[in-house]
Each structure stands twice: as C-alpha cells, then as structure tokens.
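Visitor: pasting the sequence and the predicted coordinates here, then a few questions.
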Amino acid sequence: MENKNTKITVLYVDDEENNLVSFKATFRLKYKVYTAISGSEAIDIVKENRIEIIITDQRMPEMTGVEFLEEVIKIDTEPMRILLTGYADMGAVIDAVNKGKIFHYLNKPWSEEELDETIQRAYEVYAKRKKLLETYSKLELSNEQLEFLLRQKLLS
C-alpha cells in the first residue's frame, strides 16, 4: 500500500553491508529506501527525514537494535519499528517489545515476501494511527471552539 503520490519511506539498519545492498536492491523500486550501517548513522537519518517504517538488526556493534529503537522513540514516536535478528534471543525480543515498542519481530535471513508483507501491515497501522491523531486534533480544536462559544453565551 502506497500513499497516493509518494512511496512508503523505509529505513533499514544493519552492520553488514551486504545485507544493506541486498535490501536496497530488493525494495528500492517499491519503497523509498534509506540504509544505515550503524545505529548512530540511522539516528541522523531519522532526525533529517520523515521515516515511516524502521527495520533494524538486533546484533550490531556500539548499539544494539533495541538500544537504537529506544533512541528513535526519543526523537520520533511515529515510525513503525521492526526488529530482525539471526539469533533466537528471547531476551532481545522481550526488550524489543517492552523498550523498543516494536511492531513485529522477524528472523534473519529474511524472506522477501514475509518482509514485504510485514512492511505493508506496518504501514497500514501507521496510516490508521496518523489519521486517528489528525481526527483527535480536529475534535480537540472543535471542543475548544464550542467551549469558547458557550462561555460567550453564558457571559452575555
């Protein structure tokens, strides 16, 4: 599912360059793909761009995937977060859910079909959540206007 005029923006973070190249080659026609070889490089990308979906490897030097996602949440809570790992590390998965607030967890190596379906589902949730927030903001504004009118009526 794509926006009417733009592609879904996806950031893929992995410390293995061949995985970054493979991801970009696989998905660059369908999505607007950003890649980063480290958590710190990815944080800069998140600060400078509107990212809708973040996919990160768990095991990376300097900063794990969960640590990276914790930092992302401090910058921008909107992107949907997906964790990849080649290891069946339940502690990492639990941390990812509790601390990184991930949308989904996938094992490496990823299959193109499964990852694509996960990105699509994540974007659907992202779009619905964004629409709900916009509706809530409009309702809040309408409520403030009604309260103002009511106060004016009571004062006159």
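Guide: That came in fine, so what should we check first?
Visitor: can you name the residues that contact Lys30?
Guide: By C-beta atoms under 8 Å, 6 or more residues apart in numbering, the contact set of Lys30 is Lys7, Asp116. Just so you know, the C-beta spots here come from the backbone N, C-alpha and C atoms, and that holds for glycine as well.
Visitor: number of nearby residues for Glu124?
Guide: 12 (other C-beta atoms under 10 Å).
Visitor: now swap in the one 10 residues further on and tell me
Guide: In terms of burial, Glu134 registers 10 neighbours under the definition other C-beta under 10 Å.
Visitor: kindly report the same for Leu83.
Guide: 25.
Visitor: what's the pLDDT at it?
Guide: Looking at Leu83, its pLDDT is 91.
Visitor: swap in Arg28?
Guide: 95.
Visitor: what's the answer for Arg151, then?
Guide: Listed pLDDT for Arg151 reads 80.
Visitor: now swap in Trp110 and tell me
Guide: On pLDDT, Trp110 comes in at 88.
Visitor: so where's the chain shaky on pLDDT?
Guide: 1-5, 87-100 (pLDDT under 70).
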